[in-house]
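Colleague: Kindly return the folded structure for what I paste below:
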Amino acid sequence: MLKVVVLISGTGSNLRALLDEASAPDFPAQVIAVGADREAAGFGHAEAYGIPTFLVPWEQFDSREAWGEELAAQLDVWQPDLVVLSGLMRLLPAGLVDRWAPHIINTHPAYLPEFPGAHGVRDALAAGAAQTGASVIVVDNGVDSGPILAQERVPVLDGDDENRLHERIKPVERRLLIDVVRRVATGDLDLAAASTSL
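Modeller: Here you go, the predicted model:
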């Protein structure tokens, strides 16, 4: 059974989808803990499923590196096989990434390498793109620049604003994330091999 820790900053909609899927007896992974960089509404999903939570508040640390050291210490407590960033709105320090790579993955609401960064949906609209998408990547020390594990196109429709487009991307993100976690758990996807060959 693949042991997963999920890191969030907000409502945790991807987390909820993963918890729902992992509750099925035949799903080959389980979420063993949920962490956040601030008090997050998504903790409610973890609590509903009886999943332990931990908080590493960003504002209590003098630097990203110091915050990352405490986050790394929390991950060491749980010893997950996979760390999933699910709307964590912080760049992880290089030391933490180097410690856990390639076993850290993230979702992104764009068809990478198009529109990386915190405003992928907004940037796609501003660029007048006819289509965007969703991606699941291995986290590296760049900004949404790691090896792509799965992605799918989502069309931009007439009248789309940022919220409407993002709401259509989210279900695709969730489906791709669940599929990647399942494939990692069953051995169909080797993150180390994917990181060197993609």
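Colleague: all contacts plus neighbour counts: C-alpha atoms, from now on.
Modeller: OK.
Colleague: the helices in the protein, which residues?
Modeller: 13-22, 43-48, 64-78, 94-100, 120-126, 162-186, 191-197 (DSSP state H).
Colleague: quick one: the last one to chain centroid distance?
Modeller: A distance of 18 Å separates the C-alpha centroid of helix 191-197 from that of its chain, computed with Cα atoms, centre = their mean, to the nearest Å.
Colleague: pLDDT (mean, whole number) over that helix?
Modeller: Mean per-residue pLDDT for helix 191-197: 83.
Colleague: What residues of that helix count as buried?
Modeller: Using 16 or more other Cα atoms under 10 Å as the test for burial, helix 191-197 gives 191, 195.
Colleague: Identify the residues contacting that helix?
Modeller: 102-103, 138, 146-147, 149, 184 (Cα atoms under 8 Å, 6 or more residues apart in numbering).
Colleague: rerun at 10 Å
Modeller: Outside helix 191-197, the residues within contact range by Cα atoms under 10 Å, 6 or more residues apart in numbering are 82, 101-105, 137-140, 146-149, 180, 183-184.
Colleague: Just the buried residues of the residues you listed.
Modeller: 82, 101-105, 137-140, 146-149, 180, 183-184.
Colleague: I'd like to know which of the residues you listed are part of strands.
Modeller: Among the buried ones among the contacts of helix 191-197, DSSP state E puts 82, 104-105, 137-138, 148-149 in strands.
Colleague: Nearest to residue 47 among those residues?
Modeller: residue 82 (20.3 Å; Cα to Cα).
Colleague: wait, what's in contact with the closest one?
Modeller: 2-6, 29, 31, 100-105, 181, 184-185, 191.
Colleague: How about it: which residues does it bridge to?
Modeller: Beta-bridge partners recorded for residue 82 (DSSP bridges): residue 4.
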